[in-house]
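A.B. asks: predicted model and sequence below, questions to follow.
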Amino acid sequence: MSKITTLDQFIVKKQADFAFAGGELSQLLSSIQLASKIVSREVNKAGLAHHILGSAGKENVQGEDQQNLDVFADDQFIAAFKAQGEVCGVASEENDHFIAFDEETCQNGKYVILIDPLDGSSNIDVNVSIGTIFSIYRRITPVGTKAQKEDFLQPGIRQVVAGYVIYGSSTMLVYTTGAGVNGFTFDLSIGVFCLSHPNMQIPVQGKIYSVNEGNFHAFTNEGVREYIRWCQSVNPNEGKKPYTARYIGSLVADFHRNLIKGGVYLYPATQNAPEGKLRLNYECNPMAFLIEQAGGKATDGKRRIMEITPGELHERVPLIIGSKEMVEDVENRMNQHAEVSA
């Protein structure tokens, strides 16, 4: 029987890979572990606990209908970060404004966290995999003061930790500190995350493309449509299509599958969302950090995602992310065409 390595043991072993003071990484991830376990428990009993299912009766800042589990997850993660002491503030996709913690211990915290507490929440009621996406930065305002907006508006290249938790057939936590990507599966029998996917690397070329093809005629770049038409075409020599379409509609789930199997995920600009739909801070930057550390690539079609400096908390951008050669194929086709109306 092989020796089990828990997440806590792995963090201690790899602490030297974390660029800052010893012990901080463990404390930062311990709060994420705790909240994710609580959220995972609620997700797994959602079909029985009816108060968890359904709409919360209000919209978030994006104008999206909040689910009860959205609100629950948001509350759990914010409470965990506040209690931990290393975090001076949190920005969440579910809140209009960032939260600067008032407590003196928190103001001495060196980090801010940006989080999508429950990605893919529209799939809760139909039992499809959903997840949590998080991104951690060193604050740039003085320690000992309240967090300010500029602490949260940093380009992705300044991330010190990024990751996600996927709540599916099993619960997994995948993260990077800039020294590779590692995945941990939650073992219910002992209540801990155990290393199950060490040194995750995405194939440079995959066989899966993930895109909402219902938006095909609304895409504003002909290069995207050209790429999808090619993906749908049958190679006369092989008698089959070059790639297989797989689209779940939950970024975490689509990303996780492509990370393991190889593929490309596209959410380009559309007529209704000319700046893109996905949030730069809460979704694109953390996933870009992960994919680059796994050997892949992330772009908005023209720019490296992690080099974009956000101007607003809830800024949106187009996203093409996944296997390096597949992303570059899409990017090359897009750059051959100007942005046009469909």
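C.D. replies: Yes, it's here. Given the structure is predicted, the values throughout are model-derived calculations rather than measurements. Residues are numbered from 1 along each chain as shown.

A.B. asks: what is the burial count for residue 150?
C.D. replies: When neighbours are counted by other Cβ atoms under 10 Å, residue 150 registers 10. Where you see a C-beta, it was placed from the backbone N, CA and C, and this is true even at glycine.

A.B. asks: surely it forms part of a strand?
C.D. replies: No. Residue 150 is assigned helix when assessed by DSSP: H, G, I helix; E, B strand; the rest coil, not a strand.

A.B. asks: thought it was touching residue 141?
C.D. replies: Yes. Residue 150 lies in contact with residue 141 (Cβ atoms under 8 Å); the separation is 6.7 Å.

A.B. asks: isn't residue 197 right up against residue 175?
C.D. replies: No. Contact between residue 197 and residue 175 fails when scored by Cβ under 8 Å: they sit 11.1 Å apart.

A.B. asks: now list whatever residues contact both of the two.
C.D. replies: With contacts taken as Cβ atoms under 8 Å, 6 or more residues apart in numbering, the residues that reach both residue 197 and residue 175 are residue 182.

A.B. asks: list the contacts of residue 149.
C.D. replies: Residue 149 touches 98, 313, counting by Cβ under 8 Å, 6+ apart.

A.B. asks: if you could redo that for residue 204, that was the one I meant.
C.D. replies: Contact analysis of residue 204 by Cβ under 8 Å, 6+ apart lists 262, 295, 323, 324, 325.

A.B. asks: same question for residue 314, what's its three-state structure.
C.D. replies: Using three-state DSSP, the secondary structure recorded for residue 314 is coil.

A.B. asks: need phi/psi at it.
C.D. replies: The phi and psi values for residue 314, taken as degrees, to the nearest 10, are phi -110, psi 30.

A.B. asks: that one contacts residue 93, correct?
C.D. replies: Yes. Look at residue 314 against residue 93 with Cβ under 8 Å: they come within range, at 7.3 Å.

A.B. asks: elements contacting the strand or helix carrying residue 286?
C.D. replies: Element membership for residue 286 (DSSP states H and E) is helix 285-293. Contacts defined by 3 or more Cβ pairs under 8 Å, 6 or more residues apart in numbering; DSSP states H and E place helix 285-293 against strand 130-138, strand 159-167, strand 171-176, helix 251-261, strand 297-299, strand 319-322.

A.B. asks: follow-up on the earlier one: out of residue 314 and residue 93, which sits in the more crowded spot?
C.D. replies: residue 93 (23 against 17).

A.B. asks: quick check: closest non-adjacent residue to residue 255.
C.D. replies: The shortest distance from residue 255 to any non-neighbouring residue, by Cβ to Cβ, 6 or more residues apart in numbering, is to residue 287 (5.7 Å).

A.B. asks: which one of residue 197 and residue 175 has more residues nearby?
C.D. replies: Under the criterion of other Cβ under 10 Å, the comparison of residue 197 against residue 175 puts residue 175 first, with 25 against 14.

A.B. asks: contact partners for that one?
C.D. replies: Contacts of residue 175 by Cβ under 8 Å, 6+ apart are 29, 161, 162, 163, 164, 181, 182, 290.

A.B. asks: now the helix holding residue 286: buried residues?
C.D. replies: 285, 286, 287, 288, 289, 290, 291, 292, 293 (16 or more other Cβ atoms under 10 Å).

A.B. asks: so can I have a markdown table of these showing pLDDT and distance to residue 275?
C.D. replies: Converted to a markdown table, the buried residues of helix 285-293 look like this (pLDDT from 0 to 100; distance: Cβ to Cβ, whole Å):
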| residue | pLDDT | distance to residue 275 |
| --- | --- | --- |
| 285 | 98 | 15 |
| 286 | 98 | 19 |
| 287 | 98 | 18 |
| 288 | 98 | 17 |
| 289 | 98 | 21 |
| 290 | 98 | 23 |
| 291 | 98 | 21 |
| 292 | 98 | 23 |
| 293 | 98 | 26 |
